[in-house]
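Enquirer: predicted model and sequence below, questions to follow.
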Amino acid sequence: MLQEIIEPAWLDAFEAVLGRCALQKGDTVAILAETQSRPVLPLLARLAAQRLGAQVFTLTLPSVVGRAGPPTRSTGASDAIQQIKPVIHALAASTLVVDCTVEGLMHAPELPAILKGGTRVIYISNEHPEALVRLMPDDATEARVKDHIKRLRAAKAMTVSSPAGTNLRISLEGAVAGGNWGFTTRPGTLTHWPGGIALAFPAAGSVNGTLVLASGDVNLTFKRYVESAITLTIENDYVTAIEGAGLDAQLMRSYIEAWGDREAYAVSATSATACATPRAGTAWRCTTSATSTAPSCAPLPAISSTAPAPTRWPGATRWATSTCRCATAQCSSTAPRWSTTAAWWTDRARTQASR
């Protein structure tokens, strides 16, 4: 276990990321944390912001513990703020919010009010700094993500297949597409580090087929690699069968069943990471309209997601954590860098971050 003591390379990385968010001398930076945050992250954020000459303050809120029902992980919806108005006002009035909460504000109910104030938010994933340093944002990632967002918006359909047996068909008619590259300079937007994802939120009734989670895929909610195959049958956006003889399938079945809610079986975003090495044999194809001038889609494998669907966030119709193995063929990395994401169906204001 690596120790969480400040290292110069980590501080340099935080300074570089905040610099990419156009932080200037004299800007106001709010660092938001909670009692269960990884302590080294807000500390690194504060020191980096001070290096850049910003005025910095830190808000540390009590973490909410002892929730009823099944445990939730990877929600992207921190409930630490608890609608406390002075906190919301302080964040909204800042130039930049560095979000160091455990789950992040991306799908928190307070986010629209915070962004409305004109601030920009960067969520730093609750990971060890050593991992964050390995996943630094750069100009190339931004360019790739923007390119793939354009391709998604021009596409009419997506098909996904794999040697494991995946055969997924997704209509992109009426889908909302967006993406994230790990930094933002535009007021009223949110980004997250690590970044590097292009995604689409399909319209209702758009996802059908079979999704096979094979050995080596990642179940983000459980924070574990899949060891035995899970086969999901999806009909009109809903998982109708979860098949598999191993522990992984049993865990997924029992966890989703525990919510007692049909929406727990609803799929969410289809997306792809912008810097990883593709798994051999995975195919991803977009079909564009006849009048589209966009280039044909790159071989960007897709993700489909399933997970429980609590209804406590206003505006959210469905949410899901992702299980994924995806990449572009354009990554300059020589070694695999597998990534996982979480995505939700919500109103446009909260699904689109940096674009």
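Expert: That came through fine. Residues are numbered from 1 along each chain as shown.
Enquirer: in the stretch 251-355 of the chain, where is pLDDT below threshold?
Expert: 271-355 (pLDDT under 70).
Enquirer: quick check: residue 67 vs residue 266, distance?
Expert: Distance, residue 67 to residue 266, by CB to CB, to the nearest Å: 21 Å. Quick note: C-beta positions are derived from backbone N, CA and C, even for glycine.
Enquirer: out of those two, which sits in the busier spot?
Expert: Taking other CB atoms under 10 Å, residue 67 and residue 266 do not tie; residue 266 has more neighbours (24 against 10).
Enquirer: I'd guessed that one sits against residue 235; true?
Expert: No. If you go by CB atoms under 8 Å, residue 266 and residue 235 don't touch, sitting 11.3 Å apart.
Enquirer: run through the residues that contact residue 248.
Expert: Counting by CB atoms under 8 Å, 6 or more residues apart in numbering, residue 248 touches 213, 219, 226-230.
Enquirer: which SS class is it?
Expert: Going by DSSP: H, G, I helix; E, B strand; the rest coil, the secondary structure assigned to residue 248 is helix.
Enquirer: chain center to stretch 30-45: distance?
Expert: Stretch 30-45 sits 19 Å away from the centroid of its parent chain (CA atoms, centre = their mean, to the nearest Å).
Enquirer: same thing with stretch 48-66?
Expert: 22 Å.
Enquirer: what average pLDDT does that stretch get?
Expert: In this model, stretch 48-66 has a mean pLDDT of 95.
Enquirer: then stretch 85-103?
Expert: 97.
Enquirer: how about stretch 107-126?
Expert: 96.
Enquirer: quick check: buried residues in that stretch?
Expert: 107-111, 114-115, 117, 119-126 (16 or more other CB atoms under 10 Å).
Enquirer: out of the residues you listed, which are inside strands?
Expert: 120-124 (DSSP state E).
Enquirer: out of those, which comes closest to residue 161?
Expert: Residue 161 lies nearest to residue 123 out of these, by CB to CB, at 32.9 Å.
Enquirer: so who does that closest one touch?
Expert: Counted by CB under 8 Å, 6+ apart, residue 123 has contacts 99, 101, 104-106, 190-193.
Enquirer: go again with 10 Å.
Expert: Applying CB atoms under 10 Å, 6 or more residues apart in numbering to residue 123 gives the contacts 32, 76, 78, 97-101, 103-106, 180, 190-193, 195, 353.
Enquirer: the stretch 1-150 of the chain: strands as residue ranges?
Expert: For the stretch 1-150 of the chain, the strands defined by DSSP state E, counting those that start in this stretch occupy 28-34, 55-61, 96-99, 120-124.
Enquirer: mind listing the strands the first one pairs with, and their directions?
Expert: In this case it means strand 28-34. strand 55-61 (parallel), strand 96-99 (parallel) (DSSP bridges).
Enquirer: the helices in the stretch 151-300 of the chain, which residues?
Expert: Applying DSSP state H, counting those that start in this stretch to the stretch 151-300 of the chain gives helices spanning 247-257.
Enquirer: just the strands in it please.
Expert: Counting by DSSP E, counting those that start in this stretch, the strands of the stretch 151-300 of the chain are 155-161, 167-171, 176-180, 190-193, 197-201, 207-213, 218-219, 224-225, 230-235, 238-243, 270-273, 283-288.
Enquirer: how about those strands, which one is nearest residue 6?
Expert: strand 190-193 (17.7 Å).
Enquirer: hang on, isn't residue 104 packed against residue 125?
Expert: Yes. Contact criterion CB atoms under 10 Å: residue 104 and residue 125 qualify, at 7.5 Å.
Enquirer: find residues that contact each of these two.
Expert: residue 192.
Enquirer: so who does residue 89 touch?
Expert: Residue 89 is in contact with 113-114, 117, counting by CB under 10 Å, 6+ apart.
Enquirer: what about it, distance to residue 231?
Expert: 49 Å.
Enquirer: hmm, back to that, tell me which of the strands paired with strand 28-34 sits nearest to residue 28.
Expert: Smallest distance to residue 28 across the strands paired with strand 28-34 (CB to CB): 5.0 Å, for strand 55-61.
Enquirer: got the buried residues for the closest one?
Expert: Those would be 56, 59-61, for strand 55-61 by 16+ other CB under 10 Å.
Enquirer: now flag whichever of those is closest to residue 207.
Expert: Closest approach between those and residue 207, by CB to CB: residue 61, at 36.7 Å.
Enquirer: wait, the closest one touches residue 87, no?
Expert: Yes. Residue 61 is within contact range of residue 87, at 7.0 Å (criterion: CB under 10 Å).
Enquirer: tell me, what's touching the two both at once?
Expert: With CB under 10 Å, 6+ apart, residue 61 and residue 87 have common neighbours 32, 80-81.
Enquirer: distance to residue 203 added to the strands of the stretch 1-150 of the chain, as TSV?
Expert: Formatted as TSV, the strands of the stretch 1-150 of the chain follow (distance: least, CB to CB, whole Å):
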stretch	distance to residue 203
strand 28-34	34
strand 55-61	37
strand 96-99	30
strand 120-124	27
